[in-house]
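**Q** I would like the atomic coordinates for the input below:
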Amino acid sequence: MTRTVNGERLFKSRDKEVLRKMIWQIADFSGVEVLTYCVMSNHFHVLVRVPCAKAVSDQELMRRFRLLYPKPTKYQEASAKVLESKLQAGGEEAVAIRERLLVRMYDVSEFMKTLKQRFCVWYNKSHERFGTLWAERFKSVLVEGKGNPLQTMAAYIDLNPVRAGLVEDPKDYRFCGYAEAVARVPMAVLGLRAVWVDVVAGAGAEDVLRAHRMLLFGKGACPGNQPGHVISREEAAHVMEAEEGALPTSIALRCRVRYFTDGAILGSAEFIRTYVDAWQLERGRKHPPKVNPVRGGQWGDLAVIQALRRQVFG
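**A** Below is the predicted model:
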């Protein structure tokens, strides 16, 4: 966890969105696994699993290097090509390059350092400010990588917006790992799978989300757990007993498609096919669009005229 200078509430929605994307981007570069996270207006939490350092191929090194520069300048493009040619040439220089890159991977301190520095540069440039953004070095807690300690820490992080009084249900806060998992963002679902792997081994995404939701509402309804707002006991009882942690289909679908691309059509495959010609003509498409089943859940015969956005929070 790390806070802004003086705990100032600096981050608006756009800032949180950029930081959210950077968390996933830098984690991929660093080789760490994000289990869940939460970005608030003056701090953020991230729960990561750090694998042991391992050999990384030159091809993978270059892929990760380019992750840091997804839209490179001409200089950065040239730099990447030079780096790649030196790796291919081998020798002492190639060994030194590998060491410089690998030392930044599989290390939580390097992950946080890169993340905080890159976001600080972006934030200062975007808001015409200068100087430090973060108050201090990040605070870290070593968590047992299985069972109740790991699940409790994940729930604590995902409940941050509830305790702050921003939402009554953590699925409605778009800048946390649980909300991304409910929207079926693949990496977020994988993160929660890792949290629950010892309890619901071999289970599908629905079972993992149900287990995590039960825990969130159980923990969130305990006022002695953490200071701040709590989930009402009535709502917790409804989620845990009546719904057994499962989101109603209508609610789950809303979370999945809250950010449709303009012009998408939702319905049965037969219904959508009746509008394909008009949709194609209106947009001047050369080829007719495909009718795709709605993915990421048990939606029955629901389909969409074009694939749902993967970046549902973008």
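
**Q** Only C-alpha atoms from now on, for both contacts and neighbour counts.
**A** OK.

**Q** Below-threshold pLDDT in this protein: ranges please.
**A** 72-78, 200-203, 221-228, 242, 244, 247-267, 279, 282-283, 294-303, 306-314 (pLDDT under 70).

**Q** how does it divide into domains?
**A** 58-102, 143-256, 262-304 (automatic domain parsing).

**Q** just the helices in the chain please.
**A** 13-30, 58-67, 74-89, 92-102, 108-126, 147-158, 160-163, 177-182, 186-196, 205-220, 233-237, 249-256, 269-273, 276-283 (DSSP state H).

**Q** coming back round to it: quick one: the domains of the chain as JSON lines, columns for mean neighbour count and distance to residue 13 too.
**A** Shown next, in JSON lines, are the domains of the chain (neighbours: other CA atoms under 10 Å; distance: least, CA to CA, whole Å):
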{"stretch": "domain 58-102", "mean neighbour count": "14", "distance to residue 13": "22"}
{"stretch": "domain 143-256", "mean neighbour count": "19", "distance to residue 13": "9"}
{"stretch": "domain 262-304", "mean neighbour count": "14", "distance to residue 13": "21"}
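
**Q** Looking at the ones you listed, which is nearest to residue 40?
**A** domain 143-256 (7.4 Å; CA to CA).

**Q** circling back: got CSV for the helices of the chain, with distance to residue 137 too?
**A** Shown next, in CSV, are these (distance: least, CA to CA, whole Å):
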stretch, distance to residue 137
helix 13-30, 17
helix 58-67, 24
helix 74-89, 29
helix 92-102, 22
helix 108-126, 9
helix 147-158, 19
helix 160-163, 21
helix 177-182, 23
helix 186-196, 25
helix 205-220, 29
helix 233-237, 36
helix 249-256, 35
helix 269-273, 53
helix 276-283, 51
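
**Q** Go through the domains of the chain and name the closest to residue 10.
**A** Of all these, it is domain 143-256 that lies closest to residue 10, at 15.0 Å by CA to CA.

**Q** Would you quantify the distance from residue 138 to residue 215?
**A** Counting by CA to CA, to the nearest Å, the gap from residue 138 to residue 215 is 27 Å.

**Q** Also residue 106?
**A** 30 Å.

**Q** Equivalent analysis for residue 164, please.
**A** Using CA to CA, we find residue 164 at a distance of 18 Å from residue 215.

**Q** closest one to residue 50 among the helices of the chain?
**A** Nearest to residue 50 among the helices of the chain is helix 108-126 (6.8 Å), distances taken as CA to CA.

**Q** Convert the C-alpha atoms of that closest one to PDB, please.
**A** Written as PDB, here are the backbone C-alpha positions of helix 108-126 (Å, rounded to 0.1, in the frame of the first residue of the first chain):
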ATOM      1  CA  VAL A 108       8.100  -6.600  -5.300                       C
ATOM      2  CA  SER A 109      10.300  -3.600  -4.600                       C
ATOM      3  CA  GLU A 110      11.300  -3.200  -8.200                       C
ATOM      4  CA  PHE A 111       7.600  -3.700  -9.300                       C
ATOM      5  CA  MET A 112       6.500  -0.900  -6.900                       C
ATOM      6  CA  LYS A 113       9.400   1.400  -7.800                       C
ATOM      7  CA  THR A 114       8.700   1.200 -11.500                       C
ATOM      8  CA  LEU A 115       4.900   1.600 -11.000                       C
ATOM      9  CA  LYS A 116       5.200   4.600  -8.700                       C
ATOM     10  CA  GLN A 117       7.800   6.300 -10.800                       C
ATOM     11  CA  ARG A 118       6.000   5.900 -14.100                       C
ATOM     12  CA  PHE A 119       2.700   7.000 -12.700                       C
ATOM     13  CA  CYS A 120       4.300  10.000 -11.000                       C
ATOM     14  CA  VAL A 121       5.800  11.100 -14.300                       C
ATOM     15  CA  TRP A 122       2.400  10.700 -16.100                       C
ATOM     16  CA  TYR A 123       0.500  12.500 -13.300                       C
ATOM     17  CA  ASN A 124       2.800  15.500 -13.000                       C
ATOM     18  CA  LYS A 125       2.800  16.000 -16.800                       C
ATOM     19  CA  SER A 126      -1.000  15.600 -17.100                       C
END
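
**Q** Good, wrapping up.
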